[in-house]
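Participant: Quick one, structure for this:
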Amino acid sequence: QVQLVESGGGLVQAGGSLRLSCAASERTFTYAMGWFRQAPGKEREFVAAINWSGGATYYADSVKGRFTISKDNAKNTVFLQMNSLKPEDTAAYYCAARRSTSYYISASDYNYWGQGTQVTVSS
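Facilitator: Here you go, the predicted structure:
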């Protein structure tokens, strides 16, 4: 059972950037990975997904053009580069994984989850 640990969250001003990391306890080469976020009082929502090889990615419309998901299979790590951050991006961000060659945008499709890292964007 793969374990996921997120890091890189913090407090940033609007327009700033953060880079989240998700370290996996085993090789990510066989896993589809995703990032989700959840703000207080709201449901968990999809942010970005990447397939097993890193060759295919998918983004929520709200982050397209600002966020980039990438994967370093040699380091068993997935990244989420977040630029031009907005106050509405404030949330706890979660990394998710599923053993598959595809990618997924629904939280229910993922089997493994990290504990989350908080991102707060001030206006």
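Participant: hey, let's count contacts and neighbours off CA atoms from now on
Facilitator: Fine.
Participant: Now for Ala8: which residues touch it?
Facilitator: Small correction: residue 8 is Gly, not Ala. Leu18, Arg19, Leu20, Ser21, Thr117 (CA atoms under 8 Å, 6 or more residues apart in numbering).
Participant: I'd like to know how far Tyr93 sits from Leu80.
Facilitator: 10 Å (CA to CA, to the nearest Å).
Participant: which residues do the two both contact?
Facilitator: Trp35.
Participant: the more surrounded of these two?
Facilitator: Neighbours of Tyr93 and Leu80, each counted by other CA atoms under 10 Å, are more numerous for Tyr93; the result is 26 against 23.
Participant: ok, the spatially most central residue of the chain to Gly41 distance?
Facilitator: Nearest to the mean C-alpha position of the chain, by CA atoms, centre = their mean, lies Trp35 at 2.5 Å. Look at Trp35 and Gly41: by CA to CA, they are 19 Å apart.
Participant: Ala49 now?
Facilitator: 23 Å.
Participant: and these two? which has more neighbours close in?
Facilitator: Neighbour count, other CA under 10 Å: between Ala49 and Gly41, Ala49 has more, with 28 against 6.
Participant: what's the nearest residue to the more buried one if we skip its chain neighbours?
Facilitator: Excluding its sequence neighbours, the residue lying closest to Ala49 (CA to CA, 6 or more residues apart in numbering) is Gly34, at 4.1 Å.
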